[in-house]
Structures are given as C-alpha cells and as structure tokens.
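> Structural data only, the sequence is not supplied:
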C-alpha cells in the first residue's frame, strides 16, 4: 500500500504479490562471483509471482487479479558496458491457457578499462513442466550465441540436460 501526493497529482496503490512456484536464479556464474571479476549482483529472487491489486492516478484506476509478475534485482558499484535482460512468465498454449513456461535470460559485456569490453556472456534460466534448467557456468556463458537489436533478441543455448534451445524474442 502506498501514496504519493504532489501539488497536481495523487498516486495510490495496493498490490499483493504471491510467489506461485518459489523459483529463483542468480545470473552471475559462481566462478566470476568468487573471483571478484564481476562486481555486480544480478538475480531474480522471485521468477513467478501472481500480482493482485490496483494503482490509481488521480481519478484513473487500473485493477488486476493474478497478473504474472517477477522480482528482479541488479546492484553493484558500476553498470557493465552493455546488457540486455529478458524475462517472461506469461506464455499461453495453443488454446490460450496459461503455460508452465518461465524464461529468464541475461546477456552482458563487462567494462575492461576505459574503452574496451569483454566478450558477451549469456546466462539463462528456463522452467517448464515442473523442471528447472539453468545455464550459469563460465563456459556456458562464453559459448552461448546471443544477438540482440531493437527488433528482438535471439540466443542459442546448449546444456547437458536440455541438449539445445533456440529462442527468438521480438
């Protein structure tokens, strides 16, 4: 519950979030965390929330019930050179029913000195049919093919349990 008042506007909200699957993911590979090479912390502590409540700005109100949501956190002394972070837990099947699929991925380049950047590192989390699949090793982060532009994001992941996944987000 919250309120913000200015001279011209009033914003009021009441939002309740329920963790539906208790899924979480830390994007930084353990080797990079332990070595202090990466100084940022990137995590999704709640991959699959259901949010109910409302937000009201002046006389306009927006209500929702059981809307998909997530809670993510990026922190550190400096941002990286460049990065893209994508999350979706609102997929539907062919009949329009909610799907059990959750996808969370990050591609990032670290700053190396003033004018250089590291190779792109990509880490991913997938949850489908009550199984979670993670790609968060240094080798996996270096070998995952990832390309992004204003038009979309495409990546190709190889991992032991899921063999390979190709995903295009537009």
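Structure's in. What do you need? This is a predicted model, so every value here is computed, not measured.

> OK, contacts around the spatially most central residue of the chain?
The centroid of the chain falls nearest to residue 87 when counting by CA atoms, centre = their mean (3.9 Å). Taking CB atoms under 8 Å, 6 or more residues apart in numbering, we find residue 87 in contact with 44, 47, 70, 72, 103-105. No exception for glycine: its C-beta is placed from N, CA and C like everyone else's.

> in stretch 42-62, what counts as buried?
42, 44, 46-50 (16 or more other CB atoms under 10 Å).

> and it, average pLDDT?
Across stretch 42-62, the average pLDDT comes to 95.

> do the same with stretch 131-141
Mean pLDDT, stretch 131-141: 83.

> For that stretch, list every residue counted as buried.
134-136, 140-141.

> now those in CSV, with secondary structure and distance to residue 10?
CSV is the format used below for those (DSSP: H, G, I helix; E, B strand; the rest coil; distance: CB to CB, whole Å):
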residue, secondary structure, distance to residue 10
134, strand, 43
135, strand, 45
136, coil, 43
140, helix, 48
141, helix, 46
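
> for those, which one is nearest residue 19?
The nearest member of the buried residues of stretch 131-141 to residue 19, counting by CB to CB, is residue 134 at 18.2 Å.

> For that closest one, which residues are in contact?
Residue 134 sits next to 25, 123-126, 159 when contact means CB under 8 Å, 6+ apart.

> Report the beta-bridge partners for it.
residue 125 (DSSP bridges).

> follow-up on the earlier one: per-residue confidence for the residue nearest to the centre of the chain?
92.

> That one and residue 153: what is the separation?
Separation of residue 87 from residue 153 (CB to CB, to the nearest Å) stands at 12 Å.

> what residues are shared contacts of these two?
residue 105.

> Give me the below-cutoff pLDDT ranges for the chain.
158-170 (pLDDT under 70).

> Let's verify residue 142: helix, strand, or coil?
The assignment at residue 142 comes out as helix when based on DSSP: H, G, I helix; E, B strand; the rest coil.

> didn't it look like it was pressed against residue 121?
Yes. Counting by CB atoms under 8 Å, residue 142 does reach residue 121; the two are 6.4 Å apart.

> These two - which one has more neighbours?
Counted by other CB atoms under 10 Å, residue 142 and residue 121 do not tie: residue 121 has more neighbours, with 24 against 13.

> is the more buried one in a bridge, and if so with what?
Going by DSSP bridges, residue 121 forms beta bridges with residue 108.
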